Each structure stands twice: as C-alpha cells, then as structure tokens.
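# take a look and give me a structure for this.
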Amino acid sequence: MKKINILFTFVILALVMVSCETYDDYDTVRKTVVGFTVPSKNINNIPVGGEKNTTADLYVSDMAAVDREFKITVIPAILEAAIPEFVETNPDNYSFDATVLIPANTQTGTITIYGYGNSIVDERGEFFTLAVEGGGDVVSGGRITIRVKLK
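Numbers count the residues shown, from 1 in each chain. Sure thing, here's the model as predicted:
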C-alpha cells in the first residue's frame, strides 16, 4: 500500500510540473509575411518578337482592414544544376506588375507576368526570379522562378 501512495505522489507531481506551461508569446506582434504561392511557372511558346503572359498568386500571412500594396522585385535567378547550365534571361525578355494590391480583408493577390521573344537564345528556355521586397514590417516569403521559352 505504501508503494501505491509513493507512485500516486509521483504521478500527481509530474502532472503539476507538466501543466505549468505558458503561452506568453501567443499575442505578440509578428511581421507580415508576403510571398508567391508556387515556386515556379512557365511562359511557353512565345513567338519570336511576340509576347505571352501568365499570372502568379501571392499570399499574405495576415488580414488588414485596408488595402495593402507590396513591391515586386527581380532577384538573381536560383537555378538548379544542369549540363549545360540553365541560363538567366535578359531583362528585355520579360516584364511584370511592379506592385501587388492585396484588397482589404483578404490574404491573396495576383500579378501578371509577361514574356517577350526578343533575345531568348537557349532552346530549353531562360529564367528569371521574382520576390516581394521586404523591409519595415514586411518579410519576403516564397519567391517564384519563371521560365520564358520560344515556340
């Protein structure tokens, strides 16, 4: 019987020690994270000297009662290893919406990305990478790599 009392005391003591966790960081203010929802997209079959476009969705980690606008920027392309190597494209082969508008009380927005058949040389396609510009209370989330390819 004494061993049961000792066992019971250890169980109660363990429950009291485990149940003392706190969640003090739950209500802390966190920075807004904005990023693309997919890591890559293709703009295929661009006619030589012509153009085609696609859209890309962005996601924001929090909602706000007002419209918000975030700047989109080009970053150095992050290309996987290949033989021969993949090619980062010339800026005259693409353009995109410079900002994305996230309407009030929503967490998503869309930009349009254009591919131009001006100076694409690599038959496998050429690449560029976009990201949301971070700073202040904004953290840049997922980036997107776009492949532009001729017909």
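# report the buried residues of the helix or strand harbouring residue 112.
For residue 112, the element it lies in under DSSP states H and E is strand 108-116. Across strand 108-116, burial judged by 16 or more other CB atoms under 10 Å covers 109, 111, 113, 114, 115, 116. Any C-beta I mention is one placed from the backbone N, CA and C, and that applies to glycine too.
# and those, which is closest to residue 123?
residue 115 (15.0 Å; CB to CB).
# I'd guessed the closest one sits against residue 96; true?
No: the pair residue 115 / residue 96 is not scored as a contact, 9.8 Å apart, by CB atoms under 8 Å.
# just to revisit the earlier point, which residues touch the following helix or strand past the strand holding residue 112?
On the C-terminal side of strand 108-116, the closest following helix or strand by DSSP H and E is strand 126-132. Residues from elsewhere that reach strand 126-132 (CB atoms under 8 Å, 6 or more residues apart in numbering): 34-36, 56, 58, 70-79, 86-91, 93-94, 96, 100, 113, 120, 138, 140-141, 143-149.
# sketch out the low-pLDDT regions of this structure for me.
1-2, 18-27 (pLDDT under 70).
# show me where it has helices.
2-18 (DSSP state H).
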